[in-house]
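Trainee: Okay, predicted coordinates and the sequence, questions at the end:
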Protein chains: 4
Amino acid sequence: MRIQAWIDHPRFTQVVMVLILLNAILVGLETYPYIYDTYFPWIQWTDRLLLWAFTLEIVLRLIASRPTRSFFRDGWNVFDFVIVASGHLFVGSSFITVLRILRVLRVLRAISVMPSLRRIVTALLLTLPSLAHIAFLLSILFYIFAVTGTMLFGKVSPEYFGTLHDTLLTLMQMITLDSWASGMMRPMLDSTPWAWIYFMLFVLLGSFIVMNLIIGVIVTNLDRADNEGKPQQQPDHDQDNQLQELRNEVGELKAMIQQLSERSK
Amino acid sequence: MRIQAWIDHPRFTQVVMVLILLNAILVGLETYPYIYDTYFPWIQWTDRLLLWAFTLEIVLRLIASRPTRSFFRDGWNVFDFVIVASGHLFVGSSFITVLRILRVLRVLRAISVMPSLRRIVTALLLTLPSLAHIAFLLSILFYIFAVTGTMLFGKVSPEYFGTLHDTLLTLMQMITLDSWASGMMRPMLDSTPWAWIYFMLFVLLGSFIVMNLIIGVIVTNLDRADNEGKPQQQPDHDQDNQLQELRNEVGELKAMIQQLSERSK
Amino acid sequence: MRIQAWIDHPRFTQVVMVLILLNAILVGLETYPYIYDTYFPWIQWTDRLLLWAFTLEIVLRLIASRPTRSFFRDGWNVFDFVIVASGHLFVGSSFITVLRILRVLRVLRAISVMPSLRRIVTALLLTLPSLAHIAFLLSILFYIFAVTGTMLFGKVSPEYFGTLHDTLLTLMQMITLDSWASGMMRPMLDSTPWAWIYFMLFVLLGSFIVMNLIIGVIVTNLDRADNEGKPQQQPDHDQDNQLQELRNEVGELKAMIQQLSERSK
Amino acid sequence: MRIQAWIDHPRFTQVVMVLILLNAILVGLETYPYIYDTYFPWIQWTDRLLLWAFTLEIVLRLIASRPTRSFFRDGWNVFDFVIVASGHLFVGSSFITVLRILRVLRVLRAISVMPSLRRIVTALLLTLPSLAHIAFLLSILFYIFAVTGTMLFGKVSPEYFGTLHDTLLTLMQMITLDSWASGMMRPMLDSTPWAWIYFMLFVLLGSFIVMNLIIGVIVTNLDRADNEGKPQQQPDHDQDNQLQELRNEVGELKAMIQQLSERSK
């Protein structure tokens, strides 16, 4: 019970944020070889301390949530748990790179700790399903152009179109328009003068679909903003109620006059 | 009749999707020379089987649709038919590349088979007519700059402005902003210092028109989303009806009082 | 009078469009040296014929418009007149390039002849004034960065920052993000390691303002689309009228009952 | 009092604008070494005159505002004051570059002098807070990728990923898509074939968040435009009032009939 009160206190979140910031600075400093070599024991010691602090935090939050199961129902809690737990799993192991990346990923906890960032990321993730269909369409386009590209240019330009996965990477570069003409198409025009048809078609179709993908997100976002910002139908319902009451009153009037009329017969 | 029932069954669409996926994996694997050379008979055999499976599917759907003509009224059906029929036409021919591309294009059938993708592609195609005018304007801009570009820089930079079609390709590259300055304009500035006027003018005009093209699509999409999402005038009609009934009732009241008044004379 | 009837006939516009198309093809063919050299007399002869045909068209339209002055009130007519008149002015002169560019510009007449294109270009031009302020802001940004860039990097990188106009061209390239880092910033980092501050600041500020420029156009376009598509306030006025009549009727009722009441005293 | 009248006069703003323009031309001309060397005394003399003119302007405006403190409450006034005051501070000092940049920054005063530009800049600045959260999210993404990038590729590609700040600059270049694949990823693929995962992930995540940042600005702008342009709820309130009065009248009617009914008993 008291733990619950502790956790809900704003000071608790602030302390965790400071720890995450400390962790972030630490992993940043480590990338400078000079600092890493000189202060290695200090860094390792601080890192272990931080890991245990995060573990304590998770355990406290785990205890506070009743029933305990409900803790794992929130995706963010699961994320926190996995990040911290895997830190313990790999401790002392020889996968140093994995361990260091895990420590970097702890910076992501800043999102799960700050409610406003959590809300934004959730909102971003919610736009994804509405894009699923167009993303699938885009992947069909990618696949068809990847197979034909490898077939047609595999021998002409092995660097870009050598294998199917090379071509997929090339198409990804092409869709960002990075050197699609200057670096990729032009050098091929000498040997295969008709190559421009392939490139032009992909750039046009690709950017048309990507444009529609972006517009899809814009429309979804504007719709949501519209629905949030405009409870405009409410006054109409007020008027509906008023009209209903008016009709009731007129009905009463009618009954009264009926009565009057009958009496005066 | 029974065929109709078969075709409408969700299992039928699922089987066709699996076949398309199989076809997609097959054409993907073929691009790796090692796999192609080792398993050539297997690939050829599977491919023939797939072609006949697709043929069977089309024939079944053709029979099921009554009258048969109505089958060809749907553009998607025509597309399916052409893709599969041309597979038979070129079989055994020496145009191996054409045949392989046709097999790749069968992957596009995933769109015609899945109703949700069909709807999206139809929606994308519907935005095109509203862009026709601005696209025509853009092509006038391209043509004028292509002719002047070839005239002015044909001898200065034959790689980019040698012939009219070369210049058109260069303008296409310029509108995507790929190395327009670093690769094309700067090397020409030494010999023709005033070339920047041509490049600047095209980049400014071109991106202004393309921007308006994109905005056109956004506005069209938002309008459609608006029209779909807001049947908002309905409640007003409800109120109109209520007001009308209220007036009728008040009219009745009036008649009653009139009666009363006449009687009391 | 009869001329007016001629000009308004759709056939007239179609004939002019065909002439413009012919002119477009002619200037396109001229860019190929082989065709130009072989068919030179033919091309020159056709071109003169076309010029006189356009002159005749303008003269006819000039005569048909009464008073004649009103012809020059429409900007598009002035544009047509200048394009054709200047063709006569430079005839036989030695400014061959000017003459050829003028002939290319006649293709622009396709816009002034087709009403739908005219409307789109007018719409595009109408969005410009609403952008004037932000464009002025952008030019202040350009000027400040051009002067500081020339001051700071004039000796380090004379190619890009040698003089004020060089720097302005460099900034224009930078705002399109073409090789801003790979081609311009990175080679300078060795001699002036703090150069990234200048580049980053300009790219961030520049793209922020350009983004707002684009959003300005989107908002203007959406607003216009909104105003065109929604005469929605009308039904409310209908209801106002109905309510007013209802009140009148209730007022009459009141008077009648008053009368009744007085009579029953 | 008379000073107040002077300052509010449109001629006053015009004179200041002319001085700012003169200042702008002067700093522009200075960048050309030939002009700077030949006319150095003239330039220095004009510059001092301009500085005193601006000082006079600020002093006049400072006197005119009562109480004097209120002058510094407006951020734009503080900006003007700092720009001009620092010009006096550094006069005669050896920080020539600082002094020259200060003189360039005086061009920014064009914004604070023109009310329409002031309004636009204020509007631009007002969109920033709504972007704070997403910008924070973006900086978390940058930091995580910067640390992992330095860790993984620090030795493979020291030019781009040598130190943490190098990597941050590289990521900035990557998010503008400038040569991200052609210049940075491809040369690394030979030594580290799995590097594409890092690049792809960052480009996809980065452009997704940046896209949402831009959409955020669009939605904020559209919302503001909506709120300004549509005082549409007003008619509804009118109707509410009318309905209320109608109910009052019906209430009176009821009372009258009640009276009548009682009397007729």
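Mentor: Okay, I see it. Numbers count the residues shown, from 1 in each chain, chains lettered A, B, ... in the order given.
Trainee: Spell out the residue ranges of the helices in the stretch 151-265 of chain A.
Mentor: A:158-161, A:164-175, A:186-189, A:195-229, A:233-263 (DSSP state H, counting those that start in this stretch).
Trainee: What residue spans form the domains of chain A?
Mentor: A:2-113, A:117-229 (automatic domain parsing).
Trainee: for chain A, which spans come out with low pLDDT?
Mentor: Applying pLDDT under 70 to chain A picks out residues A:1, A:92-94, A:226-240, A:242, A:264-265.
Trainee: Now for the nearest residue to A:I209 once chain neighbours are set aside: which residues touch it?
Mentor: Spatial nearest neighbour of A:I209, excluding adjacent residues (CB to CB, 6 or more residues apart in numbering or on different chains): A:L138 at 5.2 Å. Bear in mind the C-beta positions are built from the backbone N, C-alpha and C, glycine included. Neighbouring residues of A:L138 by CB atoms under 8 Å, 6 or more residues apart in numbering or on different chains: A:G206, A:I209, A:V210, A:L213.
Trainee: Single out the most deeply packed of the helices of the stretch 151-265 of chain A.
Mentor: helix A:164-175 (a mean of 21; mean count of other CB atoms under 10 Å in any protein chain shown).
Trainee: who's in contact with that one?
Mentor: For helix A:164-175, contacts defined as CB under 8 Å, 6+ apart pick out A:142, A:145-147, A:149-150, A:159-161, A:179-180, A:184, A:199, A:202-203, A:206-207, A:210, B:28, B:31-32, D:180-182, D:185, D:196, D:200, D:203.
Trainee: what does stretch A:26-43 give?
Mentor: For stretch A:26-43, contacts defined as CB under 8 Å, 6+ apart pick out A:46-47, A:50, A:100, A:103-104, A:106-107, D:143, D:146-147, D:150-151, D:154, D:163-164.
Trainee: mind listing which of those residues are in helices?
Mentor: A:T46, A:D47, A:L50, A:R100, A:R103, A:V104, D:Y143, D:A146, D:V147, D:T150, D:M151, D:L164 (DSSP state H).
Trainee: residues touching A:Y143, list them.
Mentor: Taking CB under 8 Å, 6+ apart, one finds B:A24, B:G28, B:V107 in contact with A:Y143.
Trainee: likewise A:W76?
Mentor: Applying CB under 8 Å, 6+ apart, the residues contacting A:W76 are A:S112, A:R118.
Trainee: in what helix or strand does it lie?
Mentor: Element membership of A:W76 [criterion: DSSP states H and E] is helix A:75-89.
Trainee: Pull out the C-alpha coordinates of that helix and format them as CSV.
Mentor: In CSV, the C-alpha atoms belonging to helix A:75-89 read as follows (Å, rounded to 0.1, in the frame of the first residue of the first chain):
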residue,chain,number,x,y,z
GLY,A,75,3.0,-3.2,-23.1
TRP,A,76,5.2,-0.5,-21.6
ASN,A,77,5.7,-2.4,-18.4
VAL,A,78,6.7,-5.6,-20.4
PHE,A,79,9.1,-3.4,-22.3
ASP,A,80,10.7,-2.1,-19.1
PHE,A,81,10.9,-5.6,-17.6
VAL,A,82,12.5,-7.1,-20.7
ILE,A,83,15.1,-4.3,-21.0
VAL,A,84,16.1,-4.6,-17.3
ALA,A,85,15.9,-8.4,-17.1
SER,A,86,18.0,-9.0,-20.1
GLY,A,87,20.7,-6.7,-18.5
HIS,A,88,20.9,-9.3,-15.7
LEU,A,89,20.8,-12.3,-18.1
